[in-house]
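**Q** no sequence on this one, just coordinates:
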């Protein structure tokens, strides 16, 4: 018997998508914006329970408080760091 582990879904975001961006997030996932270019990733909500992801959330809280410039959750780290941290969750 097999099972699927949740994975990150990479989603492009452009200003022209406007209000449709919320529609592109499946149930059980949330959109986050990462890096200098604010690349949009759609991640499983289960990542929120991981201690290393909670560290990223703490950094976001320190830098942005509750006022995120993209209107969604902004993670203040480089994209490669984010991918490295979250790649470890796929093996759980």
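**A** Nice, I can see it. No experiment lies behind these values; they were computed from the predicted model shown.

**Q** Please tell me I have it right and residue 28 contacts residue 45.
**A** Yes: if you go by C-beta atoms under 8 Å, residue 28 and residue 45 touch, sitting 5.5 Å apart. C-betas here are computed from N, CA, C, even on glycine.

**Q** Let me know the distance separating residue 40 from residue 72.
**A** According to C-beta to C-beta, to the nearest Å, residue 40 stands 8 Å off from residue 72.

**Q** So what does residue 83 have for phi and psi?
**A** Per-residue torsions, residue 83: phi -60, psi -40 (degrees, to the nearest 10).

**Q** pLDDT weak spots in this protein?
**A** 1-23, 66-71, 91-92 (pLDDT under 70).

**Q** Quick check: next helix or strand after the longest helix along it?
**A** Taking DSSP state H as the assignment, the helix of the chain that covers the most residues is helix 51-64. Remark: after helix 51-64, the chain's next helix or strand is strand 73-75, criterion DSSP states H and E.

**Q** just checking, what packs against that next one?
**A** Identification of packing neighbours for strand 73-75 by 3 or more C-beta pairs under 8 Å, 6 or more residues apart in numbering; DSSP states H and E yields strand 29-34, helix 51-64.
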